[in-house]
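J.: Here is my input, please return the structure:
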Amino acid sequence: MTEIVRRLALDHAHPLDVDTMLTYEWLVTNGLGGYASGTVAGVATRRFHGLLIAALPAPLGRIVMLNHLAEQLRLPDGRLIELGGSEYAEGEPYLPGAAHLAEFRLELGLPVWRYEAEGFEIEKRVILPHGQNTVHVTYRLLAGPGPARLELRPSVQFRAHEGRVDQPIAEPYVVTAIGSRYEIVGPPELPPLRMTIHGAPGVVELDGGFTYEARYRIEDERGYDARGPLWSPGVFVVDLTPPTPLSGAERGDDGATLIASAEPWQTIVALTPDEAAEAERRRRTLLLRAAPEAARTGPAAELVLAADQFIVAPAGRAEDVARARASGDAVHTVIAGYHWFTDWGRDTMISLEGLTLATGRHAEAGSILRMFGRHVRDGLIPNMFPEGENEGLYHTADATLWFFHALDRYLRATDDRMTLQLLLPTLREIVEQQVRGTWFGIGVDPADGLLRQGEAGYQLTWMDAKVDDWVVTPRRGKAVEINALWYNALALLAGWLREEGDEAAARSLDERGARARKSFNRRFWYAEGGYLYDVVDGEQGDDPACRPNQLFAISLPHPILDQERWAPVLRVVQDRLLTPVGLRSLAPGHPEYKSRYFGDLRARDAAYHQGTAWGWLAGPFVDAYLKVYPEDLAGARRALAGFDEHLGQACLGTLSEIFDAEAPYTPRGCVAQAWSAAEVLRCYLKTETTPASTP
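T.: Model (predicted):
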């Protein structure tokens, strides 16, 4: 199988400026929701950057355990060379290591740095063993005129990963040592941070603690607290030796690995760093082998590996685990985005096909659907599970309807009749509740059979920006995509009931769907614009804003829009909303249109769905395009044109959440977003026009 490697282009004759260097980020996850992340330059620019953000049981959630690791190479003559970078509260970021960074690459999605200085060549790798809150940072001396000494200074501030960085460290952290094992003890509710060095000989120089103030420049730009203390217990000092001609080894000795973990010691030492690295490489190789042949090379293969970042076994939800185990099942869910999202119902259902079915991970897909099915309340699946909590929040009108779509995609891939039969009573209950009416004003209007939604103070559709009491795009009334999803759900459930022999119930749903479809085509056509209203019967009447939501009236498996109107709607969307990296959320020319997403929280949320381009919307565009032009795979593929380049921007090897609405389409929001990766991967495969190379 072809090796999957992405290299960051570095030109030392014309080095990147500081601001550009700090835009490149990396991300490694552990299958629990925990992660390690940072800039390629080694500067923590976000509160979420760190080498170990552990996913701990509720009510703790994700906790920053190891914030930063300063790296210095001490030469035989005593000189010190900085390898990484840091940013202090005052002044510009300190990036001496950037001058020595000869290469940065991702191997199978895992980050590798190579530094060159004074004839020495140092390699650094970061791995999180799957299913553990543990990080391995491994250093090897690849070449050099002799031995060199590596000095590593860890810094910590134990806190929730989305918590304030400006809080003082309430009580001194305590360091205990047992032989070569060290524990940093913080608040009593948290496990200690356990640290050790494996491999090359070394010592630890505890210096009584050193506190400094760090600045997180992106948090500053985003209007959040951006300065806070970091504390270091001392320095890990290890000696590295170069490879010898007699060994024939390409590397030196086994190098040195700093291990940091929130796990018990018996878990930490169960695998050596080499064993853990080999296990992770093997796991990732198997992910590629399980994927379709067309997804084993190139950008699609990178997205298969990126998809793995979002599929997790939720570490903190003990009740879900207990219920699943009792029935012989497993528990999986989808992290909507890194760094700050948890698992969201809408994002999970939209992402399910691309993350799991397009990658051959059918078992995880089934467990995700069954887990969410157990959480249905009053005809709704959860909108989200808040950080560190077991119970979901249900303020969503569309996530439940996407549940039907995700199940349909799963059944087409697996024909898993047992899961269908398990969920059918829940699906029938959902439709009955929606017809009667449920929370947040969600219910069918008996006058026309269309689904309406809305309650003051709530944002119930995917355009869900809210600042304090200001709902930016409330869309109360009958939203276009909600009714497209409603019709699709009715048609799907009717088909499943018919397959299970309940013809009478299926006919009743057919009749309900036919009435909704007739009303939709009568009410939603905006003749003056030649496209669909975004909302009808809204607070201000019918809303003619040109938005991408109308595409779902065409793109879903059971399109609600009359076919003769598909082409004109698609043409308007293509002309006014399509960008190289997804669709604008609002067409230029509208009074509320915003071309850039930047500033403090209020300014950003004012632009979030008012022009900002969303990568995941490339998916429904491709689906709608192929409904209108079913033979034009190349034309549909052009809608994905910007994503190949974007894999080498921002967080390398994955796809951002959003982009500015106009060139240069600067990536914004979450650096890695589940539905962006899922929908682009799905459409890469759907628009494949040439046979894949044999692995």
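J.: and residue 203, how many neighbours?
T.: 12 (other Cβ atoms under 10 Å). Yep, even glycine has a C-beta here, placed from its N, CA and C like the rest.
J.: likewise residue 482?
T.: Neighbour tally, residue 482, other Cβ under 10 Å: 25.
J.: Distance of residue 598 relative to residue 337?
T.: As judged by Cβ to Cβ, to the nearest Å, residue 598 and residue 337 stand 18 Å apart.
J.: Check the offset of the helix or strand that contains residue 37 from the chain's centre.
T.: Assigned by DSSP states H and E, residue 37 belongs to strand 35-39. Between the centre of strand 35-39 and the centre of its chain there are 13 Å (Cα atoms, centre = their mean, to the nearest Å).
J.: Restrict the helix or strand just after it to CA atoms and write it as CSV.
T.: Next in sequence after strand 35-39, counting helices and strands by DSSP H and E, comes strand 50-56. The C-alpha trace of strand 50-56 is given here as CSV (Å, rounded to 0.1, in the frame of the first residue of the first chain):
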residue,chain,number,x,y,z
GLY,A,50,-1.1,21.0,24.5
LEU,A,51,0.6,17.7,24.3
LEU,A,52,-2.0,15.9,26.4
ILE,A,53,-5.7,16.9,26.7
ALA,A,54,-7.1,13.9,28.5
ALA,A,55,-10.8,12.8,28.2
LEU,A,56,-11.8,12.0,31.7
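J.: how big is the angle separating strand 50-56 from strand 35-39?
T.: Counting by axes from the mean of the first three to the mean of the last three Cα atoms, to 10 degrees, strand 50-56 lies at 150 degrees to strand 35-39.
J.: Tell me the helices and strands packed up against the strand holding residue 37.
T.: Packing contacts for strand 35-39, counted by 3 or more Cβ pairs under 8 Å, 6 or more residues apart in numbering; DSSP states H and E, involve strand 25-29, strand 50-56.
J.: and residue 598 and residue 337? which has more neighbours close in?
T.: A direct count of neighbours by other Cβ under 10 Å for residue 598 and residue 337 places residue 337 higher, at 23 against 13.
J.: Now do the same for the residue lying closest to the more buried one once chain neighbours are set aside: helix, strand or coil?
T.: Closest residue to residue 337 apart from its sequence neighbours, by Cβ to Cβ, 6 or more residues apart in numbering: residue 670 at 3.6 Å. Classification of residue 670 using DSSP: H, G, I helix; E, B strand; the rest coil returns coil.
J.: ok, residue 670 to residue 594 distance?
T.: Counting by Cβ to Cβ, the gap between residue 670 and residue 594 amounts to 18 Å.
J.: What segments of the stretch 1-150 of the chain are strands?
T.: With strands called from DSSP state E, counting those that start in this stretch, the stretch 1-150 of the chain shows them at 5-8, 25-29, 35-39, 50-56, 61-66, 68-74, 80-82, 101-107, 110-117, 120-127, 134-143, 148-155.
J.: Same question for the stretch 251-400 of the chain.
T.: 256-261, 311-312, 333-334, 337-338.
J.: Next: the stretch 501-650 of the chain.
T.: 525-526, 531-532, 535-538, 541-543, 578-579, 582-584, 613-614.
J.: need these in a markdown table with mean neighbour count and distance to residue 305, can you?
T.: Compiled in a markdown table, the strands of the stretch 501-650 of the chain are given as follows (neighbours: other Cβ atoms under 10 Å; distance: least, Cβ to Cβ, whole Å):
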| stretch | mean neighbour count | distance to residue 305 |
| --- | --- | --- |
| strand 525-526 | 18 | 42 |
| strand 531-532 | 27 | 37 |
| strand 535-538 | 22 | 39 |
| strand 541-543 | 15 | 41 |
| strand 578-579 | 20 | 25 |
| strand 582-584 | 29 | 21 |
| strand 613-614 | 27 | 22 |
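J.: Would you format those as JSON lines with mean pLDDT and distance to residue 554 included?
T.: Formatted as JSON lines, those follow (pLDDT from 0 to 100; distance: least, Cβ to Cβ, whole Å):
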{"stretch": "strand 525-526", "mean pLDDT": "98", "distance to residue 554": "13"}
{"stretch": "strand 531-532", "mean pLDDT": "98", "distance to residue 554": "10"}
{"stretch": "strand 535-538", "mean pLDDT": "97", "distance to residue 554": "18"}
{"stretch": "strand 541-543", "mean pLDDT": "97", "distance to residue 554": "19"}
{"stretch": "strand 578-579", "mean pLDDT": "98", "distance to residue 554": "14"}
{"stretch": "strand 582-584", "mean pLDDT": "98", "distance to residue 554": "13"}
{"stretch": "strand 613-614", "mean pLDDT": "98", "distance to residue 554": "18"}
